[in-house]
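Peer 1: this one's structure only:
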């Protein structure tokens with residue numbers, strides 16, 4: 001008879017992700033940490049007998065002193081929520097009631113989403129990249145709406161007028177598209193979720209870039225897929241390796257961001273892009289192209305650039321208006337072969353019967369005057385990009401911050417240390433950043449941060465000032481304005 005399995009251990013990095021913005025409140029750090037751990041235990045997200053990380057390892061991951069973790073653990077031990085024994089570590093007490101049995105529920109621990117779910121009025125958010133505030137064109141579009149008087153309002157595939165408007169925009173980009181090849185979704189995230197639900201079963205492989213958009217990683221993990229990461233280099237995805245992965249593993253789906261890759265900002269050249277499409281066709285792998293950022297070209301003379309869809313009609317593209325117009329306008333779409341779109345529409349009908357009709361009508365009006373809106377957005381992005389890079393160069397010159405070719409974010413490299421640990425310090429100084437390792441399924445990007453440049457310039461300046469102060473605390477000797485050398489004392493940190 002085989003022995004019963006021992007209690008599960010939660011790695012420090014995973015616990016840090018579950019803790020989220022634990023230190024953003026007021027009061028001693030150990031009480032804030034204890035409060036967040038208490039919540040995770042009481043909600044069943046740290047089930048009975050879960051083994052917690054040792055004091056020193058968790059302290060290092062959180063960038064706090066060991067006494068903070070010891071005091072938090074001891075507080076919960078006194079409440080009988082934790083059990084601590086010499087030699088066997090710290091675990092959740094068996095007496096804590098587990099949640100009732102039922103279907104598996106997966107919740108996000110992604111810091112990008114947690115900052116939205118648990119907002120703080122004190123923190124400057126450089127973590128979730130979306131335009132701040134709706135443009136006047138959106139208000140005007142809503143003000144001019146005439147709602148249909150003879151329509152049930154249920155359009156699972158999307159309003160025909162909006163599908164036609166999106167199809168015309170694809171045609172102008174050299175990708176002939178019919179309305180039957182388009183599904184309107186509640187943002188690009190729903191489009192990715194529907195594709196994952198339709199195409200990926202538990203245990204299936206999914207090819208992803210490393211690093212990549214963390215919202216997609218959450219979806220694939222929620223589907224219990226086997227993520228097969230392929231590194232992104234200076235010219236985008238390593239296509240040769242991606243082809244080897246497709247040939248060897250035949251993944252159920254390949255998810256790529258070829259243009260202004262999130263988070264690295266790289267652009268996949270046309271020839272490798274064509275090879276990727278041909279390989280996906282050869283090996284029967286559905287290729288999903290994330291186009292959410294594709295029009296945010298920061299070059300003085302945007303080149304448009306070919307979409308992967310122009311190399312093969314079987315490529316599935318996901319797009320949205322959230323990055324050009326406003327995140328609150330939850331209008332996205334999936335473009336793909338008509339039979340696939342029909343299946344996705346049936347699946348979407350099961351979930352919501354169709355996206356919001358007034359928002360779709362407003363989107364139709366926006367497409368009529370889209371190019372002037374896009375030009376203004378690009379001008380704002382270029383100015384924000386240049387301002388953030390200038391402030392980083394002034395106050396944190398040791399950080400590596402190359403210019404972005406497009407998109408909304410900078411991919412910043414710390415001279416040493418760990419992005420997750422530094423993000424904890426930065427949050428305590430009132431600025432939220434996204435650590436690179438949360439986006440990298442290969443386990444890399446540990447010294448990277450993703451910072452967006454969408455805030456007003458004074459707020460960006462204040463954010464960098466706070467980052468510089470946090471860096472001075474995290475890396476003694478590298479205070480604001482110096483940024484160099486930054487502490488031989490950190491030489492022992494694993495990087």
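Peer 2: On my side now, so go ahead. All values reported here derive from a predicted model rather than from experimental measurement.
Peer 1: in the stretch 351-495 of the chain, what residue spans correspond to strands?
Peer 2: All strands of the stretch 351-495 of the chain, identified by DSSP state E, counting those that start in this stretch, fall at 409-413, 431-432, 434-435, 448-452.
Peer 1: mean pLDDT and mean neighbour count for the ones you listed - can I get that in a markdown table?
Peer 2: Every C-beta, even on glycine, is put in place using the N, C-alpha and C of the backbone. Formatted as a markdown table, the strands of the stretch 351-495 of the chain follow (pLDDT from 0 to 100; neighbours: other CB atoms under 10 Å):
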| stretch | mean pLDDT | mean neighbour count |
| --- | --- | --- |
| strand 409-413 | 98 | 22 |
| strand 431-432 | 93 | 22 |
| strand 434-435 | 94 | 26 |
| strand 448-452 | 97 | 25 |
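Peer 1: would JSON lines of these with distance to residue 198 be doable?
Peer 2: Shown next, in JSON lines, are those (distance: least, CB to CB, whole Å):
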{"stretch": "strand 409-413", "distance to residue 198": "29"}
{"stretch": "strand 431-432", "distance to residue 198": "33"}
{"stretch": "strand 434-435", "distance to residue 198": "29"}
{"stretch": "strand 448-452", "distance to residue 198": "29"}
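Peer 1: tell me the secondary structure for the closest residue in space to residue 170 that isn't next to it in sequence?
Peer 2: Sequence neighbours aside, residue 177 is the residue nearest to residue 170 in space, at 3.9 Å (criterion: CB to CB, 6 or more residues apart in numbering). Classification of residue 177 using DSSP: H, G, I helix; E, B strand; the rest coil returns coil.
Peer 1: do I have it right that residue 177 meets residue 171?
Peer 2: Yes: using CB atoms under 8 Å, residue 177 is in contact with residue 171, at 6.1 Å.
Peer 1: of those two, who's got more company?
Peer 2: Taking neighbours as other CB atoms under 10 Å, residue 177 and residue 171 compare with residue 177 leading, 21 against 12.
Peer 1: picking up where we left off before, give me the distance between the residue nearest to residue 170 and residue 52.
Peer 2: Separation of residue 177 from residue 52 (CB to CB, to the nearest Å): 52 Å.
Peer 1: for the stretch 251-400 of the chain, just list every one of the helices.
Peer 2: 270-283, 338-352, 357-368, 370-395 (DSSP state H, counting those that start in this stretch).
Peer 1: redo those as CSV? Include mean neighbour count, mean pLDDT and distance to residue 202.
Peer 2: Listed next are these as CSV, based on neighbours: other CB atoms under 10 Å; pLDDT from 0 to 100; distance: least, CB to CB, whole Å:
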stretch, mean neighbour count, mean pLDDT, distance to residue 202
helix 270-283, 18, 97, 21
helix 338-352, 16, 95, 17
helix 357-368, 20, 96, 33
helix 370-395, 17, 96, 40
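Peer 1: for residue 160, find the nearest of those helices.
Peer 2: helix 357-368 (9.9 Å; CB to CB).
Peer 1: count of residues packed around residue 80?
Peer 2: Neighbours of residue 80 using other CB under 10 Å come to 10.
Peer 1: so what's it closest to, chain neighbours aside?
Peer 2: residue 93 (5.7 Å).
Peer 1: any residues touching the helix or strand hosting residue 138, and which ones?
Peer 2: Assignment of secondary structure by DSSP states H and E places residue 138 within helix 136-143. Here helix 136-143 makes contact (CB atoms under 8 Å, 6 or more residues apart in numbering) with 325-326, 329, 358, 361-363, 365-366, 369, 373.
Peer 1: how close does the residue nearest to residue 170 get to residue 421?
Peer 2: 46 Å.
Peer 1: again with residue 230
Peer 2: Residue 230 is 27 Å from residue 421, by CB to CB.
Peer 1: which residues does the nearest residue to residue 440 once chain neighbours are set aside contact?
Peer 2: Nearest non-adjacent residue to residue 440, counting by CB to CB, 6+ apart: residue 211, 4.0 Å away. By CB under 8 Å, 6+ apart, the residues touching residue 211 are 232, 263-264, 436, 439-441, 444-445, 448.
Peer 1: run the last query once more with 7 Å
Peer 2: Each residue near residue 211 by CB atoms under 7 Å, 6 or more residues apart in numbering is listed here: 232, 263-264, 436, 439-440, 445.
Peer 1: before we move on, the earlier item: next, the buried residues of the helix holding residue 138.
Peer 2: Neighbour counts over helix 136-143 (16 or more other CB atoms under 10 Å) mark 137-138, 141 as buried.
Peer 1: next: stretch 35-50.
Peer 2: Neighbour counts over stretch 35-50 (16+ other CB under 10 Å) mark 36-38, 40-41, 46-48, 50 as buried.
Peer 1: any idea of the mean pLDDT for that stretch?
Peer 2: Mean per-residue pLDDT for stretch 35-50: 88.
Peer 1: just stretch 471-489 next, same as before
Peer 2: Here the average pLDDT along stretch 471-489 is 55.
Peer 1: ok, longest strand in the protein?
Peer 2: Ranked by residue count and defined by DSSP state E, the top strand of the chain is strand 226-233.
Peer 1: what residue is smack in the middle of this protein?
Peer 2: residue 214 (3.3 Å; CA atoms, centre = their mean).
Peer 1: before we move on, the earlier item: wait, the residue nearest to residue 170 sits on residue 335?
Peer 2: Yes: counting by CB atoms under 7 Å, residue 177 touches residue 335, with 6.0 Å between them.
Peer 1: now for these two: what residues contact both?
Peer 2: With CB under 7 Å, 6+ apart as the test, residue 177 and residue 335 both reach residue 170.
Peer 1: can you find the helix or strand in the protein with the smallest mean pLDDT?
Peer 2: Scoring the helices and strands of the chain by mean pLDDT, DSSP states H and E places helix 111-117 at the bottom, with a mean of 57.
Peer 1: by contact count, what packs against the next helix or strand after that one?
Peer 2: Heading C-terminal from helix 111-117, the first helix or strand you meet, by DSSP H and E, is strand 124-125. With contacts taken as 3 or more CB pairs under 7 Å, 6 or more residues apart in numbering; DSSP states H and E, strand 124-125 sits against helix 457-474.
Peer 1: what sits up against the helix it packs on?
Peer 2: The contact list for helix 457-474, computed with CB under 7 Å, 6+ apart, reads 63, 124, 126, 384, 387-388, 391-392, 395-396, 417, 422, 425-426, 429-431, 453, 478-480.
Peer 1: just stretch 417-426 next, same as before
Peer 2: Against stretch 417-426 from outside (CB under 7 Å, 6+ apart): 13, 16, 23, 60-63, 414, 433, 435-437, 446-449, 467, 470, 473-475, 490, 493, 495.
Peer 1: same question for that stretch, mean pLDDT?
Peer 2: The average pLDDT for stretch 417-426 rounds to 92.
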